[in-house]
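Enquirer: Provide a 3D model corresponding to the input given below.
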Amino acid sequence: MPKRLPLDRATASTQAAVHCPHFGPCGGCSMLDVRYTEEVGMKEAAFAQLVRGSQALRKARILPMLRAREPLFYRTALKVPFGHGEAGIVAGFFKRRTHTIVDLAQCAIQHPTLTRLLLDVKRFAAAIGVSIYDEHTHRGVLRHFLARVGSGTRELLAGFVVRDADDEAVRELAQATMEAWGGRGLVGVVENVNPERTNVILGDRTHTLVGRGHLLEEADGIRSRTPLEAFVQVNAAQASTLYREVARLLAPVDGKRIVDLYSGFGPIALRLAHAGARVVAIERNAAAVREGELAASDNGLSERVTFLASDADHGLRATDAQGLDAVVVDPPRRGLAPGVIATLKALAFERLVYVSCNPETFVRDLEALAPELRVKELRGVDLFPRTDHLESIAVLERTAARTPGP
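Expert: This is a model prediction of the structure:
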């Protein structure tokens, strides 16, 4: 989950811009009570205050925030827990700062198809009598419902997170869901097994119950086959905006040699390779690396992008630094480890693009990369409209020539 911005609501209007019966208690969003233009202004002000509070960043140019074209119904991925309510099975987002589930009937930020699919699944589960997991007693089977809409294809993929595998009622639920939705874009239903007493949603094992276990997607000229457990941005349209901004900050990329650190299955690396760059994509998750290699092959980019299964620091050190032009980093919310920062400062590349889901660690790391790497410009990207989260991006340039090698 991205880090929240400290937004100042003092000047916001009190007239609700969007009505949702769940708004307030529901933790799915927090900004429906202000108009989107006001939300953008609050986010820009909070981001600027955070940046200007840093001595190292005061001279950096802050560009206008890349606002979302569609601030409603944008979430193309859904993850919600199941639970027990007074009237039976409930499924939805947690109430703020609790583990009490708000039983979802509609949602202003979720793709409407996913909301309808969830409501049908809940109804099927009640009719079949599927055992619902109870986090207090660690009993029951069905824990979470997951679903995604494929970018560019509108394919649907659904999944159940369960405590125990091979439950007959869960298989019946998968079959009922496929029968009802197979003609409306659903290509498969998968099962992820998580037997642990934990708040972590996914376990280590996933298998297909019916249909196929991946989505076909097309975006920005790139085709991919992604499983439900793969990390993807929940706002597909705005993710494309973010990736175009990465390419703009590195332009021209044709013929350049670039490292993509924390690459996942390679949404950034594949786009840069498609634009003519030669890319080394470094990712510690072996399953994501396999997905990336498959996507590179499917798109005829295997000669332009190489995937390396490694943690960030070791992978960066293993990369031949001779002739390296630029690095892209998109770390988890905890930001860059000190060793990675030290290696980035020591290498010979000239430009670094930093993508972040946590403005606080973003600023911390930009300060730590100085003085060897100076921030030229930065901006927010509103990847999570109607919430108090903000994606950030910056381009840094080396202040003096370096010799290759960490």
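
Enquirer: got the buried residues for the lowest-mean-pLDDT helix or strand in the chain?
Expert: Among the helices and strands of the chain, helix 312-318 carries the lowest confidence by mean pLDDT, DSSP states H and E, at a mean of 91. Buried residues in helix 312-318, counted by 16 or more other Cβ atoms under 10 Å: Ala312, Asp313, Gly315, Leu316, Arg317. (Glycine included, C-beta is placed from N, CA and C.)

Enquirer: go on, stretch 286-295?
Expert: Within stretch 286-295, the residues that count as buried by 16+ other Cβ under 10 Å are Ala288, Val289, Glu291, Gly292, Glu293, Leu294, Ala295.

Enquirer: TSV please, covering these and showing distance to Glu155, pLDDT and secondary structure.
Expert: Below are the buried residues of stretch 286-295 laid out as TSV (distance: Cβ to Cβ, whole Å; pLDDT from 0 to 100; DSSP: H, G, I helix; E, B strand; the rest coil):
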residue	distance to Glu155	pLDDT	secondary structure
Ala288	20	94	helix
Val289	23	96	helix
Glu291	16	95	helix
Gly292	20	96	helix
Glu293	22	97	helix
Leu294	17	96	helix
Ala295	16	96	helix
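
Enquirer: where do the helices sit along the stretch 251-400 of the chain?
Expert: Per DSSP state H, counting those that start in this stretch, the stretch 251-400 of the chain carries helices over the ranges 267-274, 286-298, 312-318, 338-346, 359-369.

Enquirer: wait, which of these is closest to Gln49?
Expert: Set against Gln49 and scored by Cβ to Cβ, those come closest in helix 359-369, at 10.3 Å.

Enquirer: for the closest one, which outside residues touch it?
Expert: For helix 359-369, contacts defined as Cβ atoms under 8 Å, 6 or more residues apart in numbering pick out 3, 5, 47, 50-51, 53-54, 56-57, 331, 333-336, 338, 341, 344-345, 352, 354, 356, 375, 378, 380, 390, 392, 394, 396.

Enquirer: buried set for it?
Expert: Of all the residues in helix 359-369, those buried under the rule 16+ other Cβ under 10 Å are Pro359, Glu360, Thr361, Phe362, Val363, Arg364, Asp365, Leu366, Ala368, Leu369.

Enquirer: coming back round to it: any of the contacts of helix 359-369 buried? List them.
Expert: 3, 5, 47, 50-51, 56-57, 331, 335-336, 341, 344-345, 352, 354, 356, 375, 378, 380, 390, 392, 394, 396.

Enquirer: go through the buried residues of helix 359-369 and say which is closest to Leu117.
Expert: Pro359 (33.1 Å).

Enquirer: and the gap between the closest one and Ala394?
Expert: Counting by Cβ to Cβ, to the nearest Å, the separation of Pro359 from Ala394 is 11 Å.

Enquirer: try Phe265
Expert: 24 Å.

Enquirer: helix, strand or coil for the spatially most central residue of the chain?
Expert: The centroid of the chain falls nearest to Gln233 when counting by Cα atoms, centre = their mean (3.1 Å). Secondary structure assignment for Gln233 (DSSP: H, G, I helix; E, B strand; the rest coil): coil.

Enquirer: okay, and the residue nearest to it when sequence neighbours are not counted sits in which element?
Expert: Spatial nearest neighbour of Gln233, excluding adjacent residues (Cβ to Cβ, 6 or more residues apart in numbering): Ala239 at 3.7 Å. If you go by DSSP states H and E, Ala239 is part of helix 236-250.
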